[in-house]
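Trainee: What follows is a predicted protein model with its sequence.
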Amino acid sequence: MFAIGNSIARPPRKPAGVTAWFFLRDERGSVTAFAFFVFIIMLLVGGLALDTMRHEMVRARMQATLDRAVLAGARSSDAREARATVEDYFAKADLAEYLEAEQEGDIAIHINSARVTARASGTIDTVLMKLAGVDTLTAAGASTAEVRVPKLEISLVLDVSGSMSGAKLTSLKTAAKQFVSTILETSTPGNAVISIVPFSWSVTPPQTVFETLAVNVTHNYSTCLEFRAADYQHATLTSGNSAFSNGVPVDQMIYTSAYGNFDNLDASWRSCYTDTYMEILPYSMSENALHTKIDALEADGNTSGDEGMNWGAALLDPSFRQVSAQLIARREMDASLAHIPANYNEPETLKVVVMMGDGANTTSYVFDKSSPKYRGKHSDLFEVKFRGLEFKYAYHTFWNNISDDESRCGRLFWACVYEASGPEQSAYYLRDPRRDRYWSIDDGSWITANAFGNLENTLDGYVSTEQLSWDMAWGRMSPSYYQDITGDSRPWNDYVGSEQVDSLEKDARMHAVCGATKGKGVVVYSIGFEVPNGGRAEQVLSDCASSTSHYYRANTTDISSVFSSIAANVQNLRLTQ
């Protein structure tokens, strides 16, 4: 409005319709139809993105939960536990409503494999996509976890020293057989092999294993081997015939006993046990054979856990395929196991040692090797061979009459002819080196050196005289017997006091071979069977295990549950490899 003097002048009014026309013509701050259209499109696209993002977030959570759930379920011991694990994962993720029901074949759990499948689906209400007529979006997912460790190699290393006698051995047999059954009955046939390694004062390999390895053979009494300290630094028998060996044959352990009479070395102090029940049973898939072996175990002797562990580790080492090949060739092992032991880096094979001990390692005796007086050639024991005499005929010394009547031999003018026949027999004579005389073991009397040297002429049916090596001699007599007969205590002192392997040395060797074995990826479980809590035996056994959780304490009442726990642990471990 304009003021003129005392009056107000108003602007002229515009004609009707002119305002709209001006509005359409005025571009200042206007919103065009195109801009409005773009705004609507942007609103729709934004709504689509928002709802799609919400859909993807739910789907991603659903899939991630599926993946985690089936992986966890694959570690379960049975199908029911696997499904419960999957359901628990979805419940905790607040996605239980999306989990679909289990279908036939979704879950298969075995000791050597596991396969778990789960599915989830559901609808999500949209927010802005409703403007485009889309009220819901569907989210769905599926996941399968399959883990396979189709091969399992186990060395069951069992202490059968004298302290295991009675109820302890009975309980061990029950527990070990249950362990074997659990492993084999829930495994695909051919996918699990078990070796049993009994140990006391030593370990006795079967003849085929002994003959396959490179051994410095010095007698034929037994198959035990005498390892050097360095042989425990590796998971394989480094003295042997394998590509991993140092090329030096391993020594054969002298077979003898600290106590015992001639040809009677069955005392508990034997250096090596030749009884079948003490032999290793390698690479068996037979539940019956393994049970029979366990049932036959007997307790005797001192404790050498280092040797038990050394053999248990060697039976899992790839170099022992030379051994399995010979066992197969002699039909002592199934031909399908030619790949046993598998390489350490074989991704679908789990190697396990279960080491059970009931006490500390104890001292073993060894004849001096650095300055050998009672090893090698030229012992004080002699074997004289002869044959029995068979009557041929009698003849008259004056008339030369011949008769087949042996009764004439004692008559005047009659002489008889005898000939050596039949198998050779042996008589043994032990020399007293200080008095130069010989003890006739058969007659229980001394003869002079001259009489011994004239046996060729005085012994009916004489064949030969052989001076035995010390290694052969000790297989016939004990050092205590030698001392009792000759009065000479030097061999006894040499045996029990020269190069004995004491408990501390055995502990060190066991520590070394356990460490080398674990370093190859072998899982080691150990059991202290009624060992003192916190004592040296428990420390050594616990240290041998793969971790503190792999070590178990046991007594006669719970040894079975301990072996069952290990079997379950092995199963879970196989399914998480």
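Mentor: All right, it came through fine. Numbering: from 1, shown residues only.

Trainee: Tell me how many other residues crowd the closest residue to residue 505 other than its chain neighbours.
Mentor: Excluding the flanking residues, the one nearest residue 505 by CB to CB, 6 or more residues apart in numbering is residue 229, at 7.5 Å. All C-beta spots, glycine's among them, are computed from the backbone N, C-alpha and C. A total of 12 residues lie near residue 229 under the criterion other CB atoms under 10 Å.

Trainee: Send me stretch 317-335 as PDB with only the CA atoms.
Mentor: Provided in PDB are the C-alpha atoms of stretch 317-335 (Å, rounded to 0.1, in the frame of the first residue of the first chain):
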ATOM      1  CA  ASP A 317      56.600 -93.700  12.300                       C
ATOM      2  CA  PRO A 318      56.400 -93.900   8.500                       C
ATOM      3  CA  SER A 319      59.800 -95.700   8.400                       C
ATOM      4  CA  PHE A 320      58.000 -98.800   9.900                       C
ATOM      5  CA  ARG A 321      56.200 -99.400   6.600                       C
ATOM      6  CA  GLN A 322      59.200-101.600   6.000                       C
ATOM      7  CA  VAL A 323      58.000-103.600   9.000                       C
ATOM      8  CA  SER A 324      54.400-103.700   7.900                       C
ATOM      9  CA  ALA A 325      55.500-104.800   4.400                       C
ATOM     10  CA  GLN A 326      57.200-107.800   5.900                       C
ATOM     11  CA  LEU A 327      54.300-108.600   8.200                       C
ATOM     12  CA  ILE A 328      52.000-108.600   5.100                       C
ATOM     13  CA  ALA A 329      54.500-110.700   3.100                       C
ATOM     14  CA  ARG A 330      54.400-113.300   5.900                       C
ATOM     15  CA  ARG A 331      50.600-113.100   6.200                       C
ATOM     16  CA  GLU A 332      50.800-111.800   9.700                       C
ATOM     17  CA  MET A 333      49.000-108.600   8.800                       C
ATOM     18  CA  ASP A 334      46.100-107.700   6.500                       C
ATOM     19  CA  ALA A 335      47.300-106.700   3.000                       C
END
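
Trainee: buried set for that stretch?
Mentor: By 16 or more other CB atoms under 10 Å, the buried positions in stretch 317-335 come out as 317-324, 326-328, 333-334.

Trainee: and if you look at stretch 71-85?
Mentor: 71-76, 79, 82-83, 85.

Trainee: ok, now stretch 177-194?
Mentor: 177-180, 182-184, 186-187, 191-194.

Trainee: ok, and what's touching it?
Mentor: By CB atoms under 8 Å, 6 or more residues apart in numbering, the list of residues contacting stretch 177-194 from outside reads 110-113, 150-156, 283-285, 287, 290-291, 294-295, 334, 336-337, 340, 354, 560, 563-564, 566-567, 570-571.

Trainee: I'd like to know which of the residues you listed are buried.
Mentor: Buried members of the contacts of stretch 177-194, scored by 16+ other CB under 10 Å, are 110-113, 150-156, 283-285, 290-291, 294, 334, 337, 340, 354, 560, 563, 566-567, 570-571.

Trainee: Those in strands, which ones?
Mentor: 113, 151-156, 283-284, 354 (DSSP state E).

Trainee: Can you get me a residue count around residue 433?
Mentor: 10.

Trainee: With respect to residue 207, which of the ones in strands among the buried ones among the contacts of stretch 177-194 is nearest?
Mentor: Closest approach to residue 207 among these (CB to CB): residue 283, at 15.4 Å.

Trainee: My guess is the closest one contacts residue 340. True?
Mentor: Yes. Using CB atoms under 8 Å, residue 283 is in contact with residue 340, at 5.5 Å.

Trainee: okay, and the common contacts of the two?
Mentor: Both residue 283 and residue 340 are contacted by 193, 324, under the criterion CB under 8 Å, 6+ apart.

Trainee: which stretches of this protein aren't confidently modelled?
Mentor: Segments of the chain classed as low confidence (criterion: pLDDT under 70) are 1-56, 111-112, 127-135, 148-150, 238-247, 574-577.
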